[in-house]
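Student: Turn this into a structure:
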Amino acid sequence: MKKRGLNRTRVSKSSAVRKRLKWKAVLPAVFIVAVILALVLYFHQPSHQSNHVRAPRAVIIDGLALTKPNPQFIEEAEDVLSKVGFDVDVYVGSNVTINLLMNIGGYELIVLRVHSAIDTTSGFLYLFSTERYNLTGYLYEQISGAVREAYTFNEREGPYFALRADLLGCSSRDGLNGSSIIMMGCNGTNSWRTIVRLFERGVKNIVAWDGYVDLTYSDEITLSLLKAVYEDKMDFPKAVEKIMDEYGVDPIWKSRLECLTQSD
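Tutor: All right, here's what the predicted structure looks like:
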């Protein structure tokens, strides 16, 4: 009888040990499952940021501030855009480099207060930076024609490095897709090679002059254009037409402001 009692006791203890071992083996698996569930619940909970609408972005690039500054124009233009919800970046004077022009991107509106000129050999429009030209700077870009030397009417100002206009923002990840571009310099609509390539890159509207333009007049017209588009809620083609009817052509050079769209 005693032996049977001892045997039953041994069997009972052995069974309890096995149960404890099995439970210890299950614990890590239970912990892992709990961690996974917690992570799933954390990352799938509603995010307050997912409903955040990013403000539209605009940039004013004022290379002419170096020689012909108009801080009132910049202040008023920035004020118009800020009041309708734009985040506005402004680059002036010596900050207007070739690298800046090549890396501009992700903007709904780009205002270029810079000199511009047509290269009669290639037919492309070039945008002036404020960097003084030298033979060795941007060497690869010079060889490829992306960058070249450019002169203003005032020989004491140049030459400067200038970027082929269709390469504006070419190094930017965001690029020009969906952008409207206002070119305040000369001959902005006189290079169809440039216009076509800009539209191929996703530009929506190009507003520019069809010849030489007086800078004071260009400042006045551009500010009125911004107000017509963003305060009066007009589209660019109608706003340009309205302003030309009101103000007329450039009083000195007789140039007209034009608006080209992708449909054109």
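Student: which ones are touching the closest residue to Lys68 other than its chain neighbours?
Tutor: Counting by Cβ to Cβ, 6 or more residues apart in numbering, Leu215 is the residue found nearest to Lys68 once chain neighbours are left out, at 5.6 Å. From N, CA and C alone the C-beta is placed, and that goes for glycine too. Going by Cβ atoms under 8 Å, 6 or more residues apart in numbering, Leu215 touches 64, 68, 70, 184.
Student: Most neighbours among those residues, please name it.
Tutor: The most crowded member of the contacts of Leu215, judged by other Cβ atoms under 10 Å, is Met184 (27 neighbours).
Student: Surely it touches Arg113?
Tutor: Yes - here Met184 reaches Arg113: they are 4.8 Å apart, a contact under Cβ atoms under 8 Å.
Student: what stretches of the stretch 1-150 of the chain score poorly on pLDDT?
Tutor: Low-confidence segments of the stretch 1-150 of the chain (pLDDT under 70): 1-52.
Student: Okay, strands next: where are they in it?
Tutor: Along the stretch 1-150 of the chain, counting by DSSP state E, counting those that start in this stretch, strands occupy 57-62, 87-92, 109-113, 116-118, 125-132, 147-150.
Student: so how far is the second one from its chain's centroid?
Tutor: The offset between the C-alpha centroid of strand 87-92 and the centroid of the whole chain comes to 11 Å, using Cα atoms, centre = their mean, to the nearest Å.
Student: Before we move on, what's the pLDDT of Gln262?
Tutor: The score at Gln262 is 85. That number is its pLDDT.
Student: Let me have the contacts of Leu215 in TSV, extended by distance to Ser255.
Tutor: Compiled in TSV, the contacts of Leu215 are given as follows (distance: Cβ to Cβ, whole Å):
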residue	distance to Ser255
Leu64	17
Lys68	18
Asn70	19
Met184	12
